[in-house]
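compute the structure for the input listed below.
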Amino acid sequence: MSQEKVLKSLEELGLARLDARIYVFLAKKGPKKAKDIASLLRISKQQLYPSLKSLQSKGLVNATLERPARFSAVPFEKALDLFAKAKMEEARSIQRSKDNLLSDWQSILIEKAEDKSAKFTVIEGRKYVYSKIQQMIQETKSSFSFVSTVPSLVRADQFGLFDSAFSHPLKSKIRFRFLTEISDQNVNAVKLLLKRTPIGGLSLEGKTPDLGLKLCPRMVIKDEEETLFFIEHREGGFATEQDNVCLWTDCKSLVRAFLAMFEDFWRSSTDIEQRIVEIETGRQMGTTRIISDGETALKVYHETLRLAREEIIMMTSAEGLIESWKSRGLLKEWVERGVSVKIMAPITGKNLKAGQELPKCCAVRHVAATYLETTLVDGKHLFQFENPPPDNEKPKSIPYFGNIFYTNNPEYLEKTKSMLNDIWRNAFAPSAITLDSILKPSMPAIAPLSDNEFAFSRPENPYEKMSHGVVEKPGIITEKEVLNKIINAKKYPGKNWPKNIVRYYGSDATAVIHPPSSFNLPDMMIWVFHYNKQSSFGAEDRLRIYLWLETPQGYAYVPVVQITDNPRAIEFWKTVMAGTPAGQNVQLIEKSKFQVRVHGNIVFAGWTVPIPLLPSQYILPPSCILFEGYSKIKTGAMSFVLPLGVKLHAEYNGLDAFVTFFHPSSKYSGPGTDGTIGRDVISTWYPPQWRKTVNTDLLPL
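Sure thing, here's the model as predicted:
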C-alpha cells in the first residue's frame, strides 16, 4: 500500500490530514523531538502541538517523560485495533442511547403529513453506497434482487452485506436473487461465496447470462419499492472511492422498469451452480467449444458464413460495421441467394457513411455498445467474439479472432435468437436515414465525421432541424480556454436580465430518441443540463424536450417543455422561450424528483414524475437517459437565435456519446441517436437588441 493510500485510509477512519501525516512520519522515522518533526514536515509548532495532543488522546502517539519530550507512534497493527474498538464502542453507544434519542426526537418533532411522493437521490462513495444497500437488505420483506460483477460481490461480502442477509429475521420468507457474469477466472471466488450460504432457512438464487449480454447496469431492487442504479465509469481500470456513484429512487414506475429488465435477464440466464459444473467439467449439451487458434477460428467462421442458406444476424462493433461495408460484395452475394442479413452496431460519426450505404444490400440497426460481438447463422451456428487485447490497437481482423466461442446447442441457440430478435425490434435505422425518410425519399451520401468535428457539424444532422436553428463553429476556442473560463467564472446576476446578460457554467448532453409507434410519442430530442453555483441563478438541473412537429416552415424539432429545479430561474425561462410551446410550459420540479448527474464522460438524467408535453395529448412518463462519451474531446462554439430575438452563445469541450433511453411504463430500454455530451460548457444568453459595449469575450458569433 502506498503512503498516499495509507494517509487516505487514516483520514477515512477519522484522522485529520495533518494528524495522519504526523502519525505516518513517526511510524516511519521513529521517536523524534517536536522541533525535529516541525522542521522535517515543514510545519509550524502552532500546527504541530494540537495534532500531537489529538493523536495522544486517541492513543496513537506516546511521549517520553524527558524534556524535551520525544514522540513515537504506536505500531500500525495496534492503531488499527484502536480504531476498530473506537468504532465498535461508538456503535454500541448509539444503540444504547437509541430509545432515548428517539423519545427526545418525537418530543421536538413537528407533526406534518407524510410526503409519499417519489424521491430521487444521488449517493457517492463506496462506504455510503454499501451502507445504503445494507439498510435496504435489513428492510426487505419479500424479495431482494441485484445485478453485480463478481469483484463487487466480493467487496459486498467484505462490507458485511451477505451477513445481513444471512441474519435477517425474515430470511426464510425472502427471495434473494442475484445475476453475475461467471467465468473460468472468477469461478473459485463465486464458489467461496456460495459456500458461505447457510444450509436451510435462506432462499439465495444465482444465475449467469448465457447470451453474450453485458450485465449493465448494475442495480439493486428491494420489494418492488426501491432501486439503486449504479453509474459505471468506463475510463481506466479499477474504480476509486469516488467512482462509486449510484442513484436511488422509490418511484414505483422506475422500480418496475428496472425489475422488468432484471426479470428479462433472469429468464435468459443459466443457474449459477449448473454453470460452475459446466466450467469445471467442460460438459455441455450439443457441441460447444472455444476455438483458441486465430487462423482456425477465421477459417471455420468464414466457411460457416459461405454455407449460409436462410439468415445471418450479426451484432458487431462500430469498427465491425465499417468492415462489413468494405465486404459488401459478399453481402450482395448472400442477398442474391435469398439469405436475409441483419446487422446491428453502434452508429458513430466514423461509421455513419457505412451505416447509410449498407441498407442498399442488407438491413442495419443502431444499438448500444454493451453487447459482445455475435453472429448467428441459419439459427444453427453461433459465434461470439472476445474484445481484442488492450495492446492490440489494430487487430488484423474485425471481429477479433482469438478464443472465439462456438456452439450449436439447440437450447442456447433458441435463447440467443430470441434475444437478438428482441434487440432488433427495439433498435432503429441510422439516424440520418430516419430523419431523411421524414423529409424526402432520397438518401444523401454523407462523409464520415472526423475526430475534430462534433455531431452538430455533420451535414443533415438533426440539430440543424431545430425550429430556432443552430450555427456551430468547431475549433475557434481551445480546450484550455474553455476550462479557464469555468475555473475563473464571473457571475452575472440573473436579476439584471434583460439589461445585462445571463451566463451558465457546467455540462449538458443531448440526443434524439425515436420511440416505437406503440409508445404514442413522436420523435423527440432530449437535452439535459447540469450547471454550477457560479451561474446567474445559481446551481440548476434542467431538461428541455423538443418534438418533431409541423411548423409554418415545415417539420422541425420544436421545444415543447422546459423543466428546472431552480425557482429563481422560472421567469427567465418563460421570457427566453417565449414564442415557442416551451414558453407556455415551463415547469418547476423538486430536486428529489429530478436530477442530472455528470460523472467523468458519463451523464445520467432521471425524473420520477410524468411530464406533460405540448401538444397536450403527449405525456412523457418517469424515465431515465444515460449518455456515455466515446470520442476524443472536441472544442468549439455554437450560437442559437430564439423566435423573439434572444441569442444564445455556447462554448464547449464536447464528445460524441452512446445513448440509452429507459421508458419504464413500456418496460423498454433502447438506444438513442446523435448523442453528444458537452463536458465543459459556458452558455451566455443575450437579450434582444444587445449592444456590444462590454467585454469582448461576451460578443456573439
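
using the three-state scheme, assign the residue lying closest to residue 578 once chain neighbours are set aside.
Once flanking residues are discounted, residue 578 sits nearest to residue 644: 5.3 Å by C-beta to C-beta, 6 or more residues apart in numbering. From N, CA and C alone the C-beta is placed, and that goes for glycine too. Under the three-state scheme (DSSP: H, G, I helix; E, B strand; the rest coil), the conformation of residue 644 reads as coil.

quick check: the gap between residue 644 and residue 576.
The spacing between residue 644 and residue 576, counted by C-beta to C-beta, to the nearest Å, is 8 Å.

those two: which is more packed in?
Ranked by neighbour count (other C-beta atoms under 10 Å), residue 644 and residue 576 place residue 576 first, with 27 against 14.

quick one, what contacts the residue lying closest to the more buried one once chain neighbours are set aside?
Ranked by C-beta to C-beta, 6+ apart and with sequence neighbours excluded, the top spatial neighbour of residue 576 is residue 646, at 4.6 Å. Neighbouring residues of residue 646 by C-beta atoms under 8 Å, 6 or more residues apart in numbering: 575, 576, 685, 686, 687, 688.

per-residue confidence at the closest residue to the last one other than its chain neighbours?
If I follow you right, that is residue 688. What sits nearest to residue 688 in space, not counting adjacent residues and going by C-beta to C-beta, 6+ apart, is residue 645, at 3.5 Å. According to the predicted model, the pLDDT of residue 645 comes to 85.

hmm, residue 645 is touching residue 689, no?
Yes: with contacts counted by C-beta atoms under 8 Å, residue 645 reaches residue 689, the gap being 7.3 Å.

and these two? which has more neighbours close in?
Set side by side, residue 645 and residue 689 show more neighbours around residue 645, with 13 against 7, by other C-beta under 10 Å.

phi first, then psi, for the more buried one.
Summarising the backbone geometry of residue 645 under the convention degrees, to the nearest 10, its torsions are phi 90, psi 0.

gap between the biggest helix by length in the chain and the chain center?
Longest among the helix segments of the chain by residue count, using DSSP state H, is helix 76-96. Shown here is helix 76-96, whose average C-alpha point lies 36 Å from the average C-alpha point of the whole chain (C-alpha atoms, centre = their mean, to the nearest Å).

and what of stretch 527-536?
Distance, stretch centre to chain centre, for stretch 527-536: 19 Å (C-alpha atoms, centre = their mean).

buried stuff in that stretch?
For stretch 527-536, a neighbour-count test (16 or more other C-beta atoms under 10 Å) marks 527, 528, 529, 530, 531, 534, 535, 536 as buried.

ok but the first one is inside a strand, no?
Looking back up the chat, that one is residue 527. Yes: Residue 527 sits within a strand when classified using three-state DSSP.

does it touch residue 543 like I think?
Yes: in this structure residue 527 lies within contact range of residue 543 using C-beta under 8 Å: 7.3 Å.

and residue 614, what does it touch?
Residue 614 makes contacts with 560, 561, 581, 582, 584, 585, as judged by C-beta under 8 Å, 6+ apart.

check contacts around the residue nearest the centre of the chain.
If you average the C-alpha coordinates of the chain and look for the closest C-alpha using C-alpha atoms, centre = their mean, you land on residue 231, 3.9 Å from that point. Shown here is residue 231, whose contacts under the criterion C-beta under 8 Å, 6+ apart are 217, 245, 246, 247, 597, 599, 602, 604.

could you rerun that using 6 Å?
Applying C-beta atoms under 6 Å, 6 or more residues apart in numbering, we find residue 231 in contact with 245, 599, 602, 604.

does it have beta-bridge partners, and which?
Using DSSP bridges, the beta-bridge partners of residue 231 come out as residue 245.

mind listing what's buried along stretch 182-200?
182, 186, 187, 189, 190, 193, 197.

please work out the average pLDDT along it.
Confidence over stretch 182-200, taken as the mean pLDDT, stands at 84.

can you give the contact residues for it?
In this structure, residues lying in contact with stretch 182-200 by C-beta under 6 Å, 6+ apart are 150, 154, 166, 204, 208, 275, 276, 279.

inside strands: which ones of the contacts of residue 646?
The strands in this structure, assigned by DSSP state E, contain 685, 686 from the contacts of residue 646.

from the contacts of residue 646, which is closest to residue 672?
Using C-beta to C-beta, residue 576 comes nearest to residue 672 of the contacts of residue 646, at 25.6 Å.

picking that back up, over to the residue nearest to residue 576: give its phi and psi.
Here the main-chain torsion angles of residue 646 (degrees, to the nearest 10) amount to phi -70, psi 140.

do you know how far it is from residue 155?
Here residue 646 is placed at a distance of 50 Å from residue 155 (C-beta to C-beta).

residue 566 too?
Taking C-beta to C-beta, one finds residue 566 at 37 Å from residue 155.

try residue 219
Computed as C-beta to C-beta, the residue 219 to residue 155 distance reads 16 Å.

more neighbours: which of the two?
Ranked by neighbour count (other C-beta under 10 Å), residue 219 and residue 155 place residue 219 first, with 22 against 16.

beyond the helix or strand bottoming out on mean pLDDT in the chain, next helix or strand please.
Of all regular secondary-structure elements in the chain, judged by mean pLDDT, DSSP states H and E, the least confident is helix 431-439 with a mean of 36. Toward the C-terminal end, the helix or strand that comes next after helix 431-439 (DSSP states H and E) is strand 471-474.

give me the buried positions along that next one.
The neighbour-count check on strand 471-474 (16+ other C-beta under 10 Å) flags 472, 474 as buried.

the next helix or strand after that strand - what's its average pLDDT?
Downstream of strand 471-474, the first helix or strand assigned by DSSP H and E is helix 479-487. When the per-residue pLDDT values of helix 479-487 are averaged, the result is 92.
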